[in-house]
Structures are given as C-alpha cells and as structure tokens.
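Participant: got a sequence here, can you build the structure:
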Amino acid sequence: MQRTNITDSAIPDSVTPHPAVNLVWLAPFLLALAWFWANISAVKWLLSSFVEIPTLYKIVIGFLIVALVVRSSGNSARPFGFSPNFVLRRDPLLLMLGAGICSIALQYIIDIKQVTVLLFILGTYGLCGLLVDSNFWRKNLPIAGLLACILPFNSQLNSGLGLPARVLTAQVVEQLLSLLHIGAISSYDIIILENGIAQVDVPCSGIKTLLVGTLFLLAATWLEGRKLSLKWLAVGAANLLMLVCANAARVAVLVLVSEVFQQPNIAQIMHVPLGIVGLVCACFVTWLMLQRVPKFQPEKTSGTSAKPNSERLQNHPLAKPGIIAAVTVLAIMAQLSHVETSKMAIAPLTLPEYIKSESISLNPSEQKFFGNYPDTQTQKIRFVAGNLRGSMLTVASTSWQTYHAPELCFVASGIPVNGIEKKQLTPSVTARWLSLKNNQLSAAYWLQSAQLTTDNFMSRIGSDLTHKNHNWVLVSILFDSSLQAENQEVKEFAGNVYDTVKQSLQGEINEN
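Facilitator: Reported below is the predicted structural model:
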C-alpha cells in the first residue's frame, strides 16, 4: 500500500495564516488605540454618565443601532461593508482630525464635557469612515449626529449649559422689552418669573428646545436621505436661529402677560403651549427648507474597486503611518492640555467666635447634584450671630459647572422667590439679595475668588476663559427672617464671611 506524504504545500492557506494577514489588523488597531487615548477623558465621562441617560433616550439609541444593522445587511455581504485594511478618505479624515483638534482647543479654553463628548462621537464616526463602505458612511452620517446629541446631553444637560443659557435668555428678553419701552422689568425679574412658571428641574433656557429641534433636523435628514452639504449647513444654522428666537419670544410673551398685563394665571396656562407651538413652527419651517437640499446620490464604483474614488486619497507607503503618528501627536497634546488640576483643598473655614455655628448635612437633591463633582468641597452650617439666624452653604470648586443658581434650589425646596436685587453689602461684597416666601425670609449669595467677588455667574464663567482666578467659592446664605440688605448686622456678618473665605483661599494658595 502506497503511503501519501503530506507536505506543507498541501495545507490550505486558511489553516496556516500568513503573517501579513495579522499585520492587516495592526494599522487600524494602532489608529483606534491612539484615537481613544486622545479622548480618554471623554470616554470616562461618557461611561460614567451613561447610566443616567433616560430610558427613552436608551430606546432611541437602540433603535438607531438596529436600523444601522438592518440597513447595512441589505447593502453588503459584510456588516457595514467593513474592511480591516482601512482606506484613507478625505471626508472621514477631516471629520476625525477636525473633531480632535477642536476638542483639544475647547478643553484648553473652557472645558464643557458635553461638547467634548459630542466631538469625540463625531470623530469616532470619522474613524469608522476609514474602515467601512464610503457610500454607507456618508449616507448614515446624520445618525452619528443623532448619537452625538443624545449621548452627552442627558440629565446633566441643565447643570452644564442651562445656567449660562438661562442668564443670557433673560438678558436678551430684557433688551427686547426695553425696545418696547418697558424698562422696569430687569433680567432678575425675568429669572424669577421663569422659576415661578416653569418646572424647576427644566429651566426655561431653551437648551432642551435646541436639542429636540436639532434631533428633528438630523432625523428628517436621515429618513429623507438628504445630502449633508453647504445647503444643509445653512438649513441647520437657520434652524438654530429660529429655535433661539422662538424661546426668547416665548419668555417675552410670558413676561408681558404676567408682569405688564398682570395675568400670572394665564401665563401659567400659556407656558407649555407656547413652547410647543414655537418648537413645532420652527421644525415645520426647517422641514420646508430641507426640501431644497438635494438627496444623497451613491457614488458609482470604478472597475473592480468596491470604493468610490472621488474622495479617496493616494495611499502613499507612509500615508497610513503618518495618520497614526498625527493622531498620536493629538493624544499627547490632549494629555498635556488636560492636566488634572490639583484637588480642591482650601483651608477650613474658621468663622469669628461671635458667630455660633454647627454643621448640618446636605439635603438629598444637594447630595445628588454635588455628587457628580467629587473634587468639589461643600460645607453647610446653621449659624447664630447676634440677632441673625439661618443657614449657610459654601461650595468650593475649580469648575463653573459645579454651581447651580441658589434661587433654583430655593424654589425646588418649596421656598418661592419674590424678588432679586443686586446689592453692595460691603465695599468688597457685591451680592444678589433675595426676598423669599412672600417676603418672610431673606437670602444672599455671591461668588468669590482670591482676587474677585461678583454676583454674576457669567463673570465666573469668563474667568475660565481667561484662566484667571481658578479657585472659586459660592457663598449662599439663607436668613430665618425678613431683613434689609442695609441692616448693619447683615453687613457685618457678610464682611466676616467674606474675610473668612478669603483667608481660606489664601491658605490654599500658600499651600500650593
């Protein structure tokens, strides 16, 4: 019986993989590794906040993923037209590198995590554009926009962007009313009105209106197969402008009805319908403009190539290593520009002996809010100082996003705000003075750094833009009775608190 010799040449290639097959995965792996390293802070924030995303958002995200899988399975034998041998294409590269550069620049100027995560998601989709079918990638780019808006903007939305938007909206409405020769209503009055009419956990800043309007535009673009182009960008800009104007007009109408015509009950009834009408009208006009945007037309392939050539870059031998090196440089820059700040460790507050105080615990809503910022130091006390009695909360932090307007906290605790004024309590303390609970209680708050004291949250945010006065303390005082800001005991108490916080900040500076 003749024996058959089995040689290596008789073994199929699928049994013994060629080393080059494994090397095919090396380049995309290194590129992805460099990209996620460059965005490690966004990844951490996204993972930690994912559990807080409302159930409805999670359902929408699941629907989008299923829709992508279904669409890809009908277009290609491979899911999404995936190939480990990534191809350098113009648009995906511009999206990935542009998002990375913008993210680093914004983190250096002002660190807004939601925007950083949005850029990370868009850039990640740009990375995917190097590995999947070009037509599939460009047609489903709106879905990346939907995910980029849904994932970062969840329950932490208002704490991150709602406060400055609310203040800016009030100031814009104040200017609109002044054009109508209604100058007696200040932005403080408008903020009080919004707090009284709107739900406290959803301030009337218009942020959620902008989010819903943007999601509508992206969803309509994807469902109708519209092409992302300069015309589409113009429609997007017009959509944002209409949403902002609709929100400002809504607040202005509420102010006129409640304050000028003295019909607060009617304003209460109109609040929600006005918001819905403004949103629906803006979305309808946006949809009409979207009809002028041409539909997406898949590019035809040439020859045996499975990928369009219009945006395909020349694959120079050093092109792929160059892209990997460029993203690695971005990663290094991201780590250098986002150096972890030293943990906030101001010296303990030591009040004068005449102020008798005892520590009290934060309420559940305060614990939940400040729990999102572990480096924040909070201290809450009950005090007795002569004839003054009340409670005081101090919040020391290096981030403006840590702060929540005290008037919102008062309203959330069932203490309505009747009036807000700007008062000069001492030569060094410019504060906001609040009348609460039908003028039965009084309160004051201010923001203080080692060099500056202000009642304006926008000034606090501006300090992050200039990188000055990095460490700040919010001082919020609630008195147990109705008082006047001109009261001598109030002035003395405010001066002593100011000096105590100043010494605490200076102690922190000296330690560093």
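Participant: show me the domain layout of this structure.
Facilitator: Per the record, the chain has its domains at 17-155+293-297+317-337, 157-290, 356-511, by automatic domain parsing.
Participant: so which of those gets nearest Pro348?
Facilitator: domain 356-511 (7.0 Å; C-beta to C-beta). In short, each C-beta sits where N, CA and C put it, glycine included.
Participant: for the record, mean pLDDT for that closest one?
Facilitator: Domain 356-511 shows a mean pLDDT of 83.
Participant: check stretch 291-301 too.
Facilitator: 80.
Participant: got the CA positions of that stretch in PDB?
Facilitator: Taking C-alpha atoms only, stretch 291-301 is exported to PDB below (Å, rounded to 0.1, in the frame of the first residue of the first chain):
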ATOM      1  CA  GLN A 291     -36.800  70.000   0.800                       C
ATOM      2  CA  ARG A 292     -34.500  72.300  -1.100                       C
ATOM      3  CA  VAL A 293     -31.500  70.200  -0.100                       C
ATOM      4  CA  PRO A 294     -30.600  67.600  -2.700                       C
ATOM      5  CA  LYS A 295     -30.900  63.900  -1.900                       C
ATOM      6  CA  PHE A 296     -27.900  61.700  -1.300                       C
ATOM      7  CA  GLN A 297     -26.700  60.000  -4.500                       C
ATOM      8  CA  PRO A 298     -24.400  57.000  -4.000                       C
ATOM      9  CA  GLU A 299     -21.100  57.200  -5.900                       C
ATOM     10  CA  LYS A 300     -20.500  54.700  -8.600                       C
ATOM     11  CA  THR A 301     -17.600  52.400  -8.300                       C
END
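Participant: run through who's touching that stretch.
Facilitator: For stretch 291-301, the external contacting residues (C-beta atoms under 8 Å, 6 or more residues apart in numbering) are 134-135, 138-139, 221, 224-227, 229, 231-232, 235, 307-308, 310.
Participant: in helices, which of the residues you listed appear?
Facilitator: 134-135, 138-139, 221, 224, 231-232, 235 (DSSP state H).
Participant: tell me where the model's unsure across the stretch 51-200 of the chain.
Facilitator: For the stretch 51-200 of the chain, the stretches with pLDDT under 70 are 51-54, 68-84, 153-164, 167, 171, 174, 177-200.
Participant: run the last query once more with 80
Facilitator: 51-86, 107-113, 150-200 (pLDDT under 80).
Participant: show me where it has its strands.
Facilitator: Per DSSP state E, counting those that start in this stretch, the stretch 51-200 of the chain has no strands. Nothing in it meets that criterion.
Participant: okay, the residue nearest to Leu106 when sequence neighbours are not counted and Tyr57: tell me how far apart.
Facilitator: Spatial nearest neighbour of Leu106, chain neighbours left out: Val115 (6.0 Å); criterion: C-beta to C-beta, 6 or more residues apart in numbering. Val115 sits 18 Å away from Tyr57, going by C-beta to C-beta, to the nearest Å.
Participant: Leu408 too?
Facilitator: 23 Å.
Participant: so for these two, which residue has more residues nearby?
Facilitator: Comparing Leu408 with Tyr57 by other C-beta atoms under 10 Å, the one with more neighbours is Leu408, at 20 against 16.
Participant: alright, that wraps it up for me.
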